[in-house]
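> from the sequence below, what's the structure:
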Amino acid sequence: MRSLVILGPGMSIDTELIANALKDEVKINSYPKAEGLAVFDCGKEPDWAWPDNVIVVGQCELGRHHFDLQIAKTEDATSRIIETLSVLEESEVPEEESGNAE
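Sure thing, here's the model as predicted:
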């Protein structure tokens, strides 16, 4: 799964904790080689075609783009990201099973 995290002004997350908890690569202002998290500050222009989902932490105007989850600045963003992406990963159908419905 490819997730884009946009950090609003003054917001931060613990990228090392997220990487360890999800066993995914986390990159700041760039993209993982295959799957993982790309973290960009609000105002940067990410590749909107890349992610499977977009998470906004705090407030950020995305223009014509949409987000799948917004985390309020009063919430523990790191924990919420780990929890949300863990659930999404568990619900994904593995590629080898997706074409074998009987």
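> all helices for this protein, in order.
15-22, 77-91, 95-98 (DSSP state H).
> among these, show the one with the smallest mean pLDDT.
Of all the helices of the chain, helix 95-98 carries the lowest average pLDDT, namely a mean of 52.
> ok, back up a step: can you redo the helices of the chain as CSV with mean neighbour count?
C-betas here are computed from N, CA, C, even on glycine. Shown next, in CSV, are those (neighbours: other Cβ atoms under 10 Å):
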stretch, mean neighbour count
helix 15-22, 16
helix 77-91, 15
helix 95-98, 8
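> let me have those helices in JSON lines, adding distance to Asp41 as columns.
As requested, the helices of the chain are arranged in JSON lines below (distance: least, Cβ to Cβ, whole Å):
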{"stretch": "helix 15-22", "distance to Asp41": "13"}
{"stretch": "helix 77-91", "distance to Asp41": "14"}
{"stretch": "helix 95-98", "distance to Asp41": "32"}
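> those helices: which one's closest to Met1?
Met1 sits nearest to helix 77-91 of all the helices of the chain, at 5.8 Å, using Cβ to Cβ.
> and the angle from the closest one to helix 15-22?
30 degrees (axes from the mean of the first three to the mean of the last three Cα atoms, to 10 degrees).
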